[in-house]
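> Have a look; sequence and predicted model below, questions after that.
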Amino acid sequence: MSEEPETLPELNKNPRHIAIIMDGNGRWAQQRHMPRAMGHQAGVKAVRSIVEYCAEANIEVLSLFAFSSENWRRPESEVSMLMNLFLSTLQSEVNKLHRNNIRLKFIGERKDFSEKLQAKITEGEIQTRDNSGLTLVIAANYGGRWDMSEAFKKIAAKIQSGEINEQEVDEALIGQHLSTADLPEPDLFIRTGGEQRVSNFLLWQLAYTELYFTPTLWPDFNRQSLEEAIGSFRTRQRRFGHTGEQILTKAVTL
Ligand code: FPP
């Protein structure tokens, strides 16, 4: 005879912040004997449907890794194709994002981009900055180690000027100097395309994030794929260092 468990495991709520590494555009195109550029274009379509889903599902933050600090190592033709794609996507999508109450935020070293792209990025951020719906974070020329180095530089400058003293440096203070200071930490990290790595994405911020890897290539990642990832997240018990029993008996509040 099977016994009913006394306490059912508590389901996670929906994630507040989802962070995604969108991998597999190139392979998606190669499988179809198409140039890699077509894979990136198909990737933009997938971005659109995932952004729509998150806005409808009241997810607070969606962070997308669009271009890493290491992606400059790709062939020049692919880098310039991606830059053109970012620019044309910004030109065609920002008004739509704004109409849907979505706030756009870029993280990463933007001064390496063309003046034109930098101007569009700033314009998009300013146009949407008061929107109260989904925050869409685009990580472009971003690296987690870069983010931390920038934070440490700012903190060091404050110590040097006497604004703070070194005893005040703690995890909260470091978090406040990262590019994501105004955002909750990611609850769910998704990487498509089969690799199981974090690849220098939000390194500090992923400390307690649930990780989800799928072989699905990014252009094929659709609403149903995201629902599956969220479903997996909801069945996991997040303990933040506590025991499972403490969580089930509500001995601690997280
Ligand atoms: C990884 O696939 C994808 C990228 C480096 C670029 C991601 C860009 C987009 C999805 C389009 C633009 C997005 C926005 C937000 C405007 P890969 O080329 O590494 O694929 P592979 O591993 O199969 O070669």
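That came through fine.

> give me the low-pLDDT residue ranges for the stretch 101-250 of the chain?
246, 248 (pLDDT under 70).

> Spell out which residues of the chain are next to the ligand.
22-27, 40, 43-44, 47, 64, 66, 71, 85-86, 89, 138, 193, 218 (CB under 6 Å from any ligand atom). Backbone N, C-alpha and C define where each C-beta goes, glycine included.

> In contact with Ser88, which residues?
Not one residue lies near Ser88 by CB atoms under 8 Å, 6 or more residues apart in numbering.

> so for the host helix or strand of it, what's the average pLDDT?
Taking DSSP states H and E as the definition, Ser88 sits inside helix 76-99. Averaging pLDDT along helix 76-99 yields 95.

> Where does the residue most central in space within the chain sit: helix, strand or coil?
Geometric centre of the chain, nearest residue: Ser63, 2.4 Å, by CA atoms, centre = their mean. Classification of Ser63 using DSSP: H, G, I helix; E, B strand; the rest coil returns strand.

> same question, Ile18
strand.

> Write down the beta-bridge partners of it, one by one.
Leu62, Leu188 (DSSP bridges).

> What pLDDT is listed against it?
98.

> Make sure it is actually in contact with Leu188.
Yes: if you go by CB atoms under 8 Å, Ile18 and Leu188 touch, sitting 4.9 Å apart.

> shared neighbours of the two, anything?
Ala229, Ile230.

> Which one's more surrounded, those two?
Using other CB atoms under 10 Å as the criterion, Ile18 and Leu188 rank with Ile18 on top: 27 against 24.

> dump the residue contacts of the more buried one.
For Ile18, the contacting residues are 54, 59, 61-63, 186-190, 226, 229-230, by CB under 8 Å, 6+ apart.

> How about Ala181?
Counted by CB under 8 Å, 6+ apart, Ala181 has contacts Gly175.

> The helix holding Ser88: which residues count as buried?
Judged by neighbour count using 16 or more other CB atoms under 10 Å, the buried positions of helix 76-99 are Met81, Leu82, Met83, Leu85, Phe86, Leu87, Thr89, Leu90, Glu93, Val94, Leu97, His98.

> Repeat that for stretch 188-201.
Buried residues in stretch 188-201, counting neighbours by 16+ other CB under 10 Å, are found at Leu188, Phe189, Ile190, Arg191, Thr192, Gly193, Val198, Asn200, Phe201.

> Tell me the secondary structure of the third one, please.
Per three-state DSSP, the secondary structure class of Ile190 is strand.

> Ok, the one 4 residues further on next?
When classified by three-state DSSP, Gly194 comes out as coil.

> That one touches Trp218, doesn't it?
No: when contacts are counted by CB under 8 Å, Gly194 is not listed as touching Trp218 (10.8 Å).

> contact partners of stretch 217-231?
Stretch 217-231 is contacted from outside by 14-15, 18, 22-25, 27-28, 31, 39, 42-43, 45-46, 49-50, 53-54, 57, 188, 190, 192-193, 212, 214, 216, using CB under 8 Å, 6+ apart.

> again with stretch 192-209
19-24, 27, 63, 65, 68-70, 139, 142-145, 147-148, 174-175, 178, 180, 185-189, 191, 211, 213-218, 221, 225, 238, 240.

> 6 Å instead?
The set of residues external to stretch 192-209 that reach it, using CB atoms under 6 Å, 6 or more residues apart in numbering, is 19, 21, 23-24, 65, 143-144, 148, 180, 185-186, 189, 213-218, 221, 240.
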